[in-house]
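K.L.:
Coordinates only, no sequence provided:
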């Protein structure tokens, strides 16, 4: 072979030759099984190749062509050498946030080659980065301490119904997930964009759910209403307390709330201790813990996804949609979501007060 030919078709390495021989033997095995009238799906399982490969071999047999791989095909697998995998691993360790597309450009290979190497050779996965609350050492210690107290408290009353509450701001604008919300079309010109206003109209909602699957009718605060101790007191006295007495006359429940200033005010703490059968005081609920409230870690996002797929003309229309979707939340979903609370509290203890998601 002359020098020009070597430049165009370099001699394959020992590793590449072994790989090629293995692939050839697999295709021959596929051919033998097809002649034995074994189904393509079963052949895929026996030989360890894709069903598509089986059909490709079958097609070539039908056309009386050789089953040997065409020269130059399979290049992406040939490039996944030990040297390549080592270089790719080094890049990932140096900067795990770099996209596989950029690494493919730097390594001068196809994007699919990098993805296959990451998945099959390095046994890694690409995960979405999510924003998290900053937890200081003091916060972690307090989370750990209070979660232990909650577990101890719940062990004494294993059958008690836990009542969770939280506030959430909804806007009239559509809320989309940049990663998951897609639009199938022939070209980008057909894709319908989403529009946002600079200061969209909004409404504050107050939700209450119970671990037995019940929920209080959702409450909305007025636009000019400031959520302070006096406002929250009226909500507890005239709505929450009435709902609790109607649904839990035997008092088998515990009222919980996060550490928002309106919740920890002396007036609120005294009211809850005097009027609720069981109540977790402000010194018990873990700080900076949206990962422990079912409304925060699941329900609000599910509700917002259902209500804000599109923009709304005004706040009143938005409220109607929220009420409608809130009523659709099934008892089974609420029970399953709230059931994760105890598991999450235990997970915080295992993480010594750190993040669990």
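P.N.:
Here it is on my side, so go on. Please read all numbers here as calculations on a predicted model, not as lab measurements. Numbers count the residues shown, from 1 in each chain.

K.L.:
For stretch 156-166, buried residues please.
P.N.:
160, 161, 162, 163, 164, 165, 166 (16 or more other C-beta atoms under 10 Å). For glycine as for every other residue, the C-beta is placed from the backbone atoms N, C-alpha and C.

K.L.:
between these, which is closest to residue 95?
P.N.:
residue 166 (37.3 Å; C-beta to C-beta).

K.L.:
roughly how far apart are the closest one and residue 295?
P.N.:
4 Å (C-beta to C-beta, to the nearest Å).

K.L.:
cool, and residue 343?
P.N.:
Residue 343 is 17 Å from residue 295, by C-beta to C-beta.

K.L.:
about what we covered before: joint contacts of residue 166 and residue 295?
P.N.:
residue 207 (C-beta atoms under 8 Å, 6 or more residues apart in numbering).

K.L.:
got a list of contacts for stretch 79-97?
P.N.:
Applying C-beta under 8 Å, 6+ apart, the set of residues contacting stretch 79-97 is 13, 15-16, 98, 103, 106-107, 109, 113-114, 116-118, 121-122, 124, 129.

K.L.:
strands paired with the strand of greatest length in the chain, and their directions?
P.N.:
The longest strand of the chain (DSSP state E) is strand 161-171. Applying DSSP bridges, strand 161-171 is found paired with strand 202-210 (antiparallel), strand 253-255 (parallel).

K.L.:
can you put these in CSV and add mean pLDDT?
P.N.:
As requested, these are arranged in CSV below (pLDDT from 0 to 100):
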stretch, mean pLDDT
strand 202-210, 97
strand 253-255, 98
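
K.L.:
and these as CSV, adding distance to residue 285 and mean neighbour count?
P.N.:
Conversion of these to CSV gives the following (distance: least, C-beta to C-beta, whole Å; neighbours: other C-beta atoms under 10 Å):
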stretch, distance to residue 285, mean neighbour count
strand 202-210, 15, 20
strand 253-255, 11, 20
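
K.L.:
Now render those as CSV, adding distance to residue 313.
P.N.:
Formatted as CSV, the strands paired with strand 161-171 follow (distance: least, C-beta to C-beta, whole Å):
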stretch, distance to residue 313
strand 202-210, 14
strand 253-255, 37
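
K.L.:
who's more crowded, residue 343 and residue 295?
P.N.:
residue 295 (22 against 9; other C-beta atoms under 10 Å).

K.L.:
Kindly provide the distance from residue 296 to residue 271.
P.N.:
23 Å.

K.L.:
tell me the SS of the residue most central in space within the chain?
P.N.:
Centroid-nearest residue in the chain: residue 128, 8.1 Å away (criterion: C-alpha atoms, centre = their mean). Following DSSP: H, G, I helix; E, B strand; the rest coil, we place residue 128 in the coil state.
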